[in-house]
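Student: Give me the fold of what follows.
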Amino acid sequence: MNRFVILSGCSGGGKSTLLAELARRGYATVPEPGRRIIAEETLIGGSALPWLDLAAFARRAIEMALDDRTKAEGSGWTFFDRGLIDAAAALQHVTGEPVLEELGRLHRYHRRVFLTPPWPDIYGTDADRRHGFAAAAAEYQRLTDAYALLDYDIVILPKTAVEERADVLITALGR
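Tutor: Below you'll find the model as predicted:
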């Protein structure tokens, strides 16, 4: 059984908060590639930013997600805030390059993927998340479709407190 578990879904839906709760409970976690890329690109004055060059950003996210998987080998249960499938879906959406199925079938995660649904009550923008709620909801639908296409068992997380969300996730994994 693959112990790499993806947290995906709507931007601003509480994935990072959930990841922090899982880390607090002692699980290995991997932060979202997108936020790390934005920090790096901002530091060097680069242009691989989602609001400047989404294709370059998605390509960097694919590279980072592959590297994250390599580094996590042997770590036991590891929870990823987004990952390879999300990055491949973004690149395919913006360029039309048929990368999703090839990468998604070659580099599998745990069969269950956990999606945070659109949740307007907690959605917010910041310096790194500049898109509005409608764009986030559209992204959620693309990701739901991508994971379904790749035959993942999709679990939609409830709109509840983070502790309850973590309990749902852990229970669904049989932990």
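
Student: Give me the residues contacting the longest helix along the chain.
Tutor: When the chain is parsed with DSSP state H, its longest helix is helix 54-72. Contact with helix 54-72 is made by 4, 28, 30, 33-34, 36-37, 41, 47-50, 78, 80, 82-84, 86-88, 90-91, 94-95, 99, 103, 107, as judged by Cβ atoms under 8 Å, 6 or more residues apart in numbering. For the C-beta atoms, the positions are set from N, CA and C on the backbone; glycine is no exception.

Student: what does stretch 147-163 give?
Tutor: By Cβ under 8 Å, 6+ apart, stretch 147-163 touches 8-9, 14, 17-18, 20-21, 85, 100-101, 104-105, 109, 111-117, 119, 121, 144, 164-165, 168-169, 172.

Student: gap between the spatially most central residue of the chain and residue 119?
Tutor: By Cα atoms, centre = their mean, the chain has its centre lying nearest to residue 82, at 1.4 Å. Distance from residue 82 to residue 119, counting by Cβ to Cβ, to the nearest Å: 17 Å.

Student: the helices in the protein, which residues?
Tutor: With DSSP H as the criterion, the chain has helices spanning 15-24, 33-44, 54-72, 84-95, 100-106, 133-149, 162-172.

Student: tell me the most buried of the ones you listed?
Tutor: With neighbours taken as mean count of other Cβ atoms under 10 Å, the helices of the chain reach their highest mean count in helix 84-95, at a mean of 23.

Student: Show residues contacting that one.
Tutor: With contact meaning Cβ under 8 Å, 6+ apart, helix 84-95 is reached by 6, 8, 33, 54-55, 57-59, 61-62, 64-66, 69, 97-100, 103-104, 107, 109, 113, 142-143, 146-147, 150.

Student: and it, C-alpha only, in PDB?
Tutor: C-alpha atoms of helix 84-95 as PDB (Å, rounded to 0.1, in the frame of the first residue of the first chain):
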ATOM      1  CA  LEU A  84       2.300  16.000  -8.800                       C
ATOM      2  CA  ILE A  85      -1.300  15.500 -10.000                       C
ATOM      3  CA  ASP A  86      -2.300  19.100  -9.100                       C
ATOM      4  CA  ALA A  87       0.800  20.500 -11.000                       C
ATOM      5  CA  ALA A  88       0.200  18.200 -14.000                       C
ATOM      6  CA  ALA A  89      -3.400  19.200 -14.100                       C
ATOM      7  CA  ALA A  90      -2.500  22.900 -14.000                       C
ATOM      8  CA  LEU A  91       0.100  22.500 -16.800                       C
ATOM      9  CA  GLN A  92      -2.300  20.600 -19.000                       C
ATOM     10  CA  HIS A  93      -5.100  23.100 -18.400                       C
ATOM     11  CA  VAL A  94      -2.900  26.100 -19.300                       C
ATOM     12  CA  THR A  95      -0.900  24.600 -22.200                       C
END
